[in-house]
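J.: just a sequence and a predicted model for now, questions to come.
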Number of protein chains: 2
Amino acid sequence: MRANAPEADPDVDDAETLRRARIALASVCEPGEPGLPDAIDTFGPGAVIARLLRSDTGLRVARKAAIGERLAALDLTQVLDRTEEIGARIIVPGDREWPHQLTDLGPRRVLALWLWGSADLRLHALRSVAMVGARACTRYGEFVAREWSAALSQEGVTVVSGGAYGIDAAAHRGALAVDRATICVLAGGVDNVYPRGHDGLFTQIIERGVLVSEAPPGEVVRRRRFLSRNRVIAALASATCVVEAAARSGAASTAHHAVELARPVLAVPGAVTSATSAGTNKLIAEQIAALAADPCDVAAMIGPLQVSDQPGERFDGRRSAQYREVIDALSVHAGRTATSIARRSGVEDKQVRAHLATAQRFGEARVDEWELWRYVPGASSA
Amino acid sequence: MRANAPEADPDVDDAETLRRARIALASVCEPGEPGLPDAIDTFGPGAVIARLLRSDTGLRVARKAAIGERLAALDLTQVLDRTEEIGARIIVPGDREWPHQLTDLGPRRVLALWLWGSADLRLHALRSVAMVGARACTRYGEFVAREWSAALSQEGVTVVSGGAYGIDAAAHRGALAVDRATICVLAGGVDNVYPRGHDGLFTQIIERGVLVSEAPPGEVVRRRRFLSRNRVIAALASATCVVEAAARSGAASTAHHAVELARPVLAVPGAVTSATSAGTNKLIAEQIAALAADPCDVAAMIGPLQVSDQPGERFDGRRSAQYREVIDALSVHAGRTATSIARRSGVEDKQVRAHLATAQRFGEARVDEWELWRYVPGASSA
């Protein structure tokens, strides 16, 4: 460890020194490994660093030799400089932006988080839902993730996901489509775009939402990091909703983390003939997850619906003239896409989606095969 | 009532006279109305007829004036002759073929049943499942109803349904496709083909299974008869499985009857974007029904799997050469239909379906978008 390291004088308990010590440990630890967080709270970060550097056998920390080696090689100034250089920030417990609910992770709690983006993490995580699922999802799952994410975002529920292909990306995009913040928790450093194909998506998230990571900038993704990352997603969000998942999947692991953390878990059912619904149907069958049939089921788990944060606009906007225009653009004879409804009604795309979500909830519209129909009770029932 | 009626001498308690009296009452009553079954058990069918004909005000039977009028106009000989003429039969409680479980219907129990078909009702209803659902079903529901019905039938579980278009017909056809009996409970008389388009289906059911009705031959279907018929389906079957249903549907009513009768209820989940899965997803969400992801879930509710009734063939036929031929006809690269697998393997279509059901259960085949794939664990998971 270079001369700029906080262990130079472990007895100095000035706040900034303690903070730097904690960040140094966060930079070299393996996220989610128990031992280190408890040791820090017992001895303080400076003392833990000192003990790790001299390979103190009394320290109850797993793989402490490896951590000590990484610590000795760490250039903390470089980490801090790189963080500042990209416009990212670091938060530690006690900071104003730190989400208190992460304490629920117990011995596997988070030491520090790197954030990159305009959105306030604590504020947005207060009423949030983790929308997770298969990378190799179907058009059905993608549709549900995107539409529900847009509807929930417009109700003031922030969508949290992992930035992966498939369900994760659709969930982030749904929120961005209605110009709301979204939280993306990464397995690697916030400046390490993974997957590469999501360069554009991450840029949008930085602009409107926030990228989150336990790892310092430059850190590459490792297989086990995906699993420990899932625990952060589950702990950050008020509830977890699995949209599509194969029988064994990362999404199911997030759901199990959420169960352990006593967070509500929901799953979207799907056809028994679809491999990507096998996992969600199983979560429901085993009563690990509640069945989510529409975004309201998700919102109900998070808490009572709140007034929209759009000034002057309540969530139940069924009395508005604009809402009626959207309903009139629906047909009982033909299914239409949201885009076509926006064109026919002259109402802006974002508003159309909000009104359609309301219409579905109040039984005035129905979705069938990804198209929207005007709903007349009894017309299509068996 | 004509001279041939049993009320001519209500004191004669000869078995045949009592039987005729009960059939006379069954011919004129409104199925499922309480009052009459209890009155018959209290006073005997002959005395009830006498009291109905003289409009006895002490008799606690709903709409007794209307029943008395119908009774006065009844030509019982004609009913019996017509039953014999078409080759049907009548069973009453105490008969060898009478299914004891109908007693569970309590005050709404069945007075008599008209049966038309080669299958023994009591025997086949012993291990049975009601497969019900929407008339306006989708290809998904039709596929599940037909395939599961075939798989369950081959395990010795008899499929009970209502002979309607959609799920009902697919369920009956699945059983017939593997040459097993199926029980079809009708709302009108057994000789009254409703719907007309199912003339051919009913002919096959008569040949291999059995048509069942509470109404005498010639009786037309009435709206309320469909609802009272649903209680018979629920009571006859060991469990009820709803395959596809809209939010409000007859299938949901059958499910609720089954719950009241303390029979297991299952529902097949489906896409939240499909109107015909709204009812099944709701039954699962409200924990009225267990989620059924494959035929084994249904079989598990009925009781332990039994040895197939095919001589010399056990249900787990995975060691047979024929089974391996079917597996070898599957591909990991391309989905195939059961028909194409039959052609490639040279194994008969019926056998292919049985082997494929086994293969799915043991994870050697998977179904995706109505095509079968060879399953290699992990290959398609997210």
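T.: Alright, I've got the coordinates. Numbering: from 1, shown residues only, chains lettered A, B, ... in the order given.
J.: how far away is A:Cys241 from chain B?
T.: In this view, A:Cys241 and chain B are 12 Å apart by C-beta to the nearest C-beta, to the nearest Å. C-betas here are computed from N, CA, C, even on glycine.
J.: A:Ala271 is in what secondary structure piece?
T.: According to DSSP states H and E, A:Ala271 maps onto no helix or strand at all.
J.: what is the neighbour count of it?
T.: Under the neighbour criterion other C-beta atoms under 10 Å in any protein chain shown, A:Ala271 is assigned a count of 27.
J.: surely it meets B:Tyr140?
T.: Yes - taking contacts as C-beta atoms under 8 Å, A:Ala271 lies within contact range of B:Tyr140: 5.6 Å.
J.: where do the contact lists of these two overlap?
T.: B:Gly270 (C-beta atoms under 8 Å, 6 or more residues apart in numbering or on different chains).
J.: now for A:Arg208: which residues touch it?
T.: Contacts of A:Arg208 by C-beta under 8 Å, 6+ apart are A:117-119, A:176, A:179-182.
J.: now the closest residue to A:Arg109 other than its chain neighbours: phi and psi?
T.: The shortest distance from A:Arg109 to any non-neighbouring residue, by C-beta to C-beta, 6 or more residues apart in numbering or on different chains, is to A:Pro37 (4.8 Å). In terms of degrees, to the nearest 10, the main-chain angles of A:Pro37 are phi -60, psi -40.
J.: next one, pLDDT for A:Pro37 please.
T.: Per-residue confidence at A:Pro37 stands at 94 (pLDDT).
J.: how much space separates it from chain B?
T.: 30 Å.
J.: could you do A:Arg344 as well?
T.: Using C-beta to the nearest C-beta, we find A:Arg344 at a distance of 21 Å from chain B.
J.: let me see the contact set for the closest residue to that residue other than its chain neighbours.
T.: Leaving aside its chain neighbours, A:Arg344 sits nearest to A:Ala329 (4.0 Å; criterion: C-beta to C-beta, 6+ apart). Residues in contact with A:Ala329 (C-beta under 8 Å, 6+ apart) are A:336, A:341, A:344-345.
J.: how is A:Val212 assigned, secondary-structure-wise?
T.: Under DSSP: H, G, I helix; E, B strand; the rest coil, A:Val212 falls in the strand class.
J.: residues contacting it?
T.: Counting by C-beta under 8 Å, 6+ apart, A:Val212 touches A:113-115, A:121, A:183-186, A:190, A:232, A:236.
J.: these in strands, which ones?
T.: Applying DSSP state E to the contacts of A:Val212, the entries found in strands are A:113-115, A:183-186.
J.: CSV for these, including neighbour count?
T.: Below are these laid out as CSV (neighbours: other C-beta atoms under 10 Å in any protein chain shown):
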residue, neighbour count
A:Leu113, 26
A:Trp114, 27
A:Leu115, 20
A:Ile183, 29
A:Cys184, 30
A:Val185, 25
A:Leu186, 28
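J.: strands of chain A, start to end?
T.: Going by DSSP E, chain A shows strands at A:89-91, A:113-116, A:128-132, A:158-161, A:182-186, A:210-213, A:239-242, A:265-267, A:290-291, A:365-368, A:371-374.
J.: do you know which of those strands lies nearest B:Ala170?
T.: Closest to B:Ala170 of the strands of chain A, according to C-beta to C-beta: strand A:365-368, at 19.9 Å.
J.: A:Val210 contacts A:Ala181, doesn't it?
T.: Yes - using C-beta under 8 Å, A:Val210 is in contact with A:Ala181, at 7.0 Å.
J.: picking that back up, among the ones in strands among the contacts of A:Val212, which one lies nearest to A:Ala359?
T.: Of these, the one sitting nearest to A:Ala359 (C-beta to C-beta) turns out to be A:Ile183, at 28.1 Å.
J.: any idea what the closest one is bridged to?
T.: Beta-bridge pairing for A:Ile183 (DSSP bridges): A:Val160, A:Val210.
J.: enumerate every residue touching it.
T.: Taking C-beta under 8 Å, 6+ apart as the test, what A:Ile183 contacts is A:119, A:121, A:124-125, A:128, A:158-161, A:209-210, A:212, A:236.
J.: can you turn the buried part of those residues into a ChimeraX selection?
T.: Remark: buried members of the contacts of A:Ile183, expressed as a ChimeraX selection using 16 or more other C-beta atoms under 10 Å in any protein chain shown:
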select /A:119,121,124,125,128,158,159,160,161,209,210,212,236
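J.: with pLDDT and distance to A:His100 added, can I get the contacts of A:Ile183 in a markdown table?
T.: What follows is those, written out as a markdown table (pLDDT from 0 to 100; distance: C-beta to C-beta, whole Å):
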| residue | pLDDT | distance to A:His100 |
| --- | --- | --- |
| A:Ala119 | 96 | 17 |
| A:Leu121 | 96 | 11 |
| A:His124 | 95 | 14 |
| A:Ala125 | 95 | 9 |
| A:Ser128 | 96 | 13 |
| A:Thr158 | 97 | 16 |
| A:Val159 | 98 | 20 |
| A:Val160 | 98 | 16 |
| A:Ser161 | 97 | 21 |
| A:Gly209 | 97 | 20 |
| A:Val210 | 97 | 17 |
| A:Val212 | 98 | 15 |
| A:Leu236 | 97 | 11 |
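J.: any idea how far A:Ala175 is from the most centrally placed residue in chain A?
T.: Chain A has A:Val160 as the residue nearest its centroid, 2.0 Å off, counting by C-alpha atoms, centre = their mean. Counting by C-beta to C-beta, to the nearest Å, the separation of A:Val160 from A:Ala175 is 10 Å.
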